[in-house]
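Student: Any chance you can model this:
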Amino acid sequence: RPISSRDRDATGLLDISRPLAASLAGVRLTRFQAGAQYTDRFRDYQRRDRTLTLKDGFAVDASYYDYAIPAGAFDGLIGERNLWVGPNLDAFRRAFEVAGEYDGVDPQPEDLEPTSDDLRQSYRIEEDIVALYGRLDFESAVRGAPVSGNVGLRWVRTDMTVFGAAVEARPDLSGAVEIVSAPRATQSAYAELLPSLNIRFDLSEGVVLRLGGSRSLTRPSLASLRDATVPSSATVSEIYERGAVALDDPNLDVTAVGGNPNLKPYVSANADASLEWYFDPFGALTVSAFYKRIDDFIYGEMRLEPMPFAVHDGSAVVVDINVNRPQNNGVASLAGVEMGYARRLPSGLGLSASAAFTSSTVELEYRDGSRQSARLQGVSEVSYSITPYFQRGPIEAYVSYTWRSAFDSNGNVTIASDAKTDVSNAIIAADFGTLDFGASCHVNRRFDIFAEGVNMTDARQAAYQGYESRLYQLHQYGRTINIGLRARF
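Tutor: Numbering: from 1, shown residues only. Below you'll find the model as predicted:
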């Protein structure tokens, strides 16, 4: 499966700032800022799917599977088991080829002539973004308490063209069905006004109240916008080899994933408040609350679509496929509370800790008018971090433990942020914690000695489908320890 993805993201910025000495209704205006931004985003994604063929004179035997899986990889997850082995990739590279197109197993997309299936899975996106903003900083007082903040407005316009291919089955002159493809371009544009307001109240010595509100925009990922449809490679191969007979197999995967070039961006209304107490130069206790409402939430929805598949004899088969495409059909909300504490004693010992408690909901609305609640991906209900440290003279050292509770995940296989309505099939990232450390010694103005460690408990990240007994993914990245010398010249 050769894949080539060329990306470009070029941005130009212009910012101006000017101090002010003006008043309006008892509010002192202290600074004006304005600016402009232009961004050019581009992606050209090309994919080719081929079946490898065994070269003449080669035969696959047990020597092609002589790579042993590291011992202990599945400890605590799988009990009685045979020896796990993997393929010898060098042996397979020598023995296979892309028959009639490439002598080897690692061609690039430009080495292969694209088929209709390849064109259906490839795409190009061009996106131009223009933004203008203005901001005023201000100061005032409420009942003798100092108040400061800023108010701003941002205008953003996005113009986009998505290139893909329209692939369909048509009868030829003899009456047989053949697959034809034609280039297709989808153009869209949208503009939004995004206001913001941030206010700081100095309630008393060391006590600060902050309030904020804003409207923000998040564009869909380029992968979500693609004019492309990707069915299962196994299904493409089965139908190519067996034709319509393959459809009689009850285990044939008749699903696919695709993009949607007509997606609109997320637009969210945000509010937050925090109360902060600074009780000495190195101590603080903070509590904050936040709320976010997301309109035009993007949800992957299954819809039945007819899709032509090529057969080895030159004919075609049209199959109704359940295609998961992103749609703007929901409203999401996110709310939570965060707490933080930091303190350093005269001895150099200190502690920094934080915790967050979050809840989220998604309300989906389908084309038939029905509604359904779902769970938002990527959001842990509880997370915390504890970092004791020592900082005195040339010596600095810390130990940090970070943990987060289980959350819905996409398993790195879906097209965008998603929400799961079927709990039994949701991919869940299990709760995970990691212990890290760092230490350094400032030798002189030019040299520092340091040591760093990541994941010292050798924790593994796991994901399961619906229930912990159904393991879906296991990621073991081990411990990492770095020891070195930094020099400044």
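
Student: Tell me where the longest helix sits in the chain.
Tutor: helix 233-242 (DSSP state H).

Student: And the next helix or strand past that one?
Tutor: strand 255-258 (DSSP states H and E).

Student: can you dump the C-alpha coordinates of the following helix or strand past that following strand into PDB?
Tutor: Scanning forward in sequence from strand 255-258 by DSSP H and E, the next helix or strand is strand 266-280. Output of strand 266-280 as PDB, limited to C-alpha atoms (Å, rounded to 0.1, in the frame of the first residue of the first chain):
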ATOM      1  CA  TYR A 266     -16.800  23.600  14.900                       C
ATOM      2  CA  VAL A 267     -18.000  26.900  16.400                       C
ATOM      3  CA  SER A 268     -17.900  27.100  20.200                       C
ATOM      4  CA  ALA A 269     -19.000  29.500  22.900                       C
ATOM      5  CA  ASN A 270     -16.600  29.500  25.900                       C
ATOM      6  CA  ALA A 271     -16.800  30.800  29.400                       C
ATOM      7  CA  ASP A 272     -14.400  30.400  32.300                       C
ATOM      8  CA  ALA A 273     -13.700  31.800  35.700                       C
ATOM      9  CA  SER A 274     -10.900  31.400  38.200                       C
ATOM     10  CA  LEU A 275     -10.100  32.400  41.800                       C
ATOM     11  CA  GLU A 276      -6.400  32.600  42.600                       C
ATOM     12  CA  TRP A 277      -4.600  33.100  45.900                       C
ATOM     13  CA  TYR A 278      -0.900  34.000  45.900                       C
ATOM     14  CA  PHE A 279       0.200  33.600  49.500                       C
ATOM     15  CA  ASP A 280       4.000  34.100  49.100                       C
END
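
Student: I'd like the average pLDDT over strand 266-280.
Tutor: Strand 266-280 shows a mean pLDDT of 94 in the predicted model.

Student: Sheet-wise, list the partners of the helix or strand following it with their directions.
Tutor: As assigned by DSSP H and E, the chain's next helix or strand after strand 266-280 is strand 283-310. Sheet pairing for strand 283-310, assigned by DSSP bridges, gives strand 266-280 (antiparallel), strand 316-344 (antiparallel).

Student: Tell me which helix or strand in this structure has the weakest average pLDDT.
Tutor: strand 419-420 (a mean of 56; mean pLDDT, DSSP states H and E).

Student: who does the helix or strand just after that one touch, helix- and strand-wise?
Tutor: Following strand 419-420 in sequence order, the next helix or strand is strand 427-429 (DSSP H and E). With contacts defined as 3 or more CB pairs under 8 Å, 6 or more residues apart in numbering; DSSP states H and E, strand 427-429 has these neighbours: strand 407-409, strand 461-465. C-beta coordinates here come from the backbone N, C-alpha and C atoms, glycine included.

Student: Below-threshold pLDDT in the chain: ranges please.
Tutor: 69-84, 175, 410-423 (pLDDT under 70).

Student: Show me where it has its helices.
Tutor: In the chain, the segments counted as helices under DSSP H are 89-95, 116-121, 222-225, 233-242.

Student: Could you export these as CSV, including mean neighbour count and distance to residue 290?
Tutor: Shown next, in CSV, are the helices of the chain (neighbours: other CB atoms under 10 Å; distance: least, CB to CB, whole Å):
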stretch, mean neighbour count, distance to residue 290
helix 89-95, 14, 48
helix 116-121, 23, 40
helix 222-225, 21, 25
helix 233-242, 17, 43
